[in-house]
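Q: Quick one: sequence plus predicted model below, questions after.
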Amino acid sequence: MSASLRPNPYATRRDATTLTLQRLLPGTVERVWAYLTDGELRRRWLAAGAMNLTVGASFEFVWRNDEISSPGERPEGFGAEGRATCQITELEPLRKLGFSWPGVGEVTFELEPRGEEVLLTVIHRRVPDRTMALMVGPGWHMHLDILQALCEGTKPASFWSGWLRLRAEYEQRLPA
């Protein structure tokens, strides 16, 4: 697919509390689905944690952003590990996975085959305020950049260096 047809990598606002991001990833829907649902694969780009693929099932995400890419200096106020107990709210295997994230909102991953690629859409609803949007917008952006690099077989950029750069960009992109 030509670069002009690639989705905008930045989070966009659907409304005051919803951010949407997209990536066009090489491979099959099955491969991308595995990166979303298999705890060991997901650990490489987002967060570890076993997931029982049943609506209503709880699972724990364990973030260790220092481990998912080349070293970078962790910003002040961030620990080496973060944890959240989430609950699956939507499930259509190979198509859609949604979960609640207490205090942070609700997230849905949608997959759409596009020839030899897959369009991954991340919809983060009920973002409580701009402060949280300025955390999760750059966070999703970097996590998806790392997933894209993994799918392409290239070296991911530093999560923290990228997050800090994007945080400044999102200050301008997400109006107060």
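A: Looks like it arrived, so ask away. Since this is a predicted model, take the numbers as computed values, not measurements.

Q: Residue ranges in the protein under the pLDDT threshold?
A: Low-confidence regions of the chain, defined by pLDDT under 70, span residues 1-5.

Q: if we go to 80?
A: 1-6, 70-71, 175-176 (pLDDT under 80).

Q: For stretch 65-74, which outside residues touch it?
A: Contacts to stretch 65-74, defined as Cβ atoms under 8 Å, 6 or more residues apart in numbering, come from residues 43-46, 78, 80, 82, 143, 146, 155-163. Where you see a C-beta, it was placed from the backbone N, CA and C, and this is true even at glycine.

Q: tell me the contacts of the residue positioned nearest the centre of the chain?
A: Residue closest to the mean C-alpha point of the chain, counted by Cα atoms, centre = their mean, is Trp140 at 4.0 Å. By Cβ under 8 Å, 6+ apart, Trp140 lies in contact with 11, 19, 21, 122, 124.

Q: Next secondary structure after the strand or helix carrying Leu25?
A: Assessed by DSSP states H and E, Leu25 sits inside strand 18-26. Per DSSP H and E, the first helix or strand lying C-terminal to strand 18-26 is helix 29-37.

Q: Now do the very next helix or strand once past that following helix: which elements does it pack against?
A: Of the helices and strands lying after helix 29-37 in sequence (DSSP H and E), the nearest is helix 39-43. Here helix 39-43 touches helix 29-37, going by 3 or more Cβ pairs under 8 Å, 6 or more residues apart in numbering; DSSP states H and E.

Q: Just the strands from the protein, written as ranges.
A: Along the chain, the stretches classed as strands by DSSP state E are 12-15, 18-26, 58-63, 82-92, 96-101, 105-114, 117-125.

Q: Report the separation between the closest residue to Tyr10 other than its chain neighbours and Met132.
A: Distances taken as Cβ to Cβ, 6 or more residues apart in numbering place Arg173 nearest to Tyr10, at 6.2 Å, with adjacent residues excluded. Relative to Met132, Arg173 is positioned 15 Å away (Cβ to Cβ, to the nearest Å).

Q: Just the CA trace of the helix ranked longest in the chain, in CSV.
A: Of all the segments of type helix in the chain, defined by DSSP state H, the longest one is helix 130-152. Output of helix 130-152 as CSV, limited to C-alpha atoms (Å, rounded to 0.1, in the frame of the first residue of the first chain):
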residue,chain,number,x,y,z
ARG,A,130,-7.1,16.0,29.2
THR,A,131,-4.3,15.1,31.6
MET,A,132,-5.1,11.4,31.0
ALA,A,133,-5.5,11.9,27.3
LEU,A,134,-1.9,13.4,27.3
MET,A,135,-0.7,10.2,29.0
VAL,A,136,-2.6,7.6,26.9
GLY,A,137,-2.4,9.3,23.5
PRO,A,138,1.4,9.2,23.4
GLY,A,139,1.4,5.9,25.2
TRP,A,140,-0.8,4.2,22.6
HIS,A,141,1.1,5.9,19.8
MET,A,142,4.4,4.5,21.0
HIS,A,143,3.0,1.0,21.9
LEU,A,144,1.6,0.8,18.4
ASP,A,145,4.9,2.0,16.8
ILE,A,146,6.6,-0.8,18.6
LEU,A,147,4.0,-3.4,17.5
GLN,A,148,4.4,-2.1,13.9
ALA,A,149,8.2,-2.5,14.2
LEU,A,150,7.8,-6.1,15.5
CYS,A,151,5.4,-7.0,12.7
GLU,A,152,7.8,-5.5,10.1
